[in-house]
Structure formats: structure tokens, C-alpha cells
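attaching a predicted model along with its sequence, questions to come.
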Amino acid sequence: MTVRKVEIPEEIFSELEELLPKLDMKSVDECVTFILKSLLSGEFDNDELSGEEEEQMKERLADLGYM
């Protein structure tokens, strides 16, 4: 499998790193891959965001340069 690198803020990386033992995962890469696969599979399609949550997400994505 070909892999690519993605940059994430240090704060998020550190938070994920602290969760690894609770999630029984060995690396932040494994954790991020799991999260992204879950999102892409549609697992969370039925979950709707409130208007406020959607605005916060859009602001965060814009701050990260994705919008």
C-alpha cells in the first residue's frame, strides 16, 4: 500500500498519542487511519451536526487551509 504524509497540529497529535493505550493502538498513524476509514465508510452518515457545530467545523477547516 502506498502511503502519504499529512501534517496535523502538534496539539492534536499529542492528544491522539495519549489515547493510544485506551484505544489499543500502537501509533498515531494507525489511529488516524482508523478514524478516516470510519468516516469514509459512511459510518457516521446518520449523525447530523447542529448549525453551530457545522460552523465550528468550517472555521476549523478554513484555519487549517482546507477551505
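That came through fine.

neighbours of the closest residue to residue 25 other than its chain neighbours, how many?
Nearest non-adjacent residue to residue 25, counting by Cβ to Cβ, 6 or more residues apart in numbering: residue 31, 4.9 Å away. All C-beta atoms are positioned from the backbone trio N, CA, C, and that covers glycine. Number of residues near residue 31 (other Cβ atoms under 10 Å) recorded here: 17.

from the contact counts, what lies against the host helix or strand of residue 31?
Here residue 31 sits within helix 28-40, counting by DSSP states H and E. Here helix 28-40 touches helix 10-23, going by 3 or more Cβ pairs under 8 Å, 6 or more residues apart in numbering; DSSP states H and E.

can you state the direction angle for the helix it packs on and helix 28-40?
Per axes from the mean of the first three to the mean of the last three Cα atoms, to 10 degrees, the angle that helix 10-23 makes with helix 28-40 is 90 degrees.

thanks again, I'm all set now.
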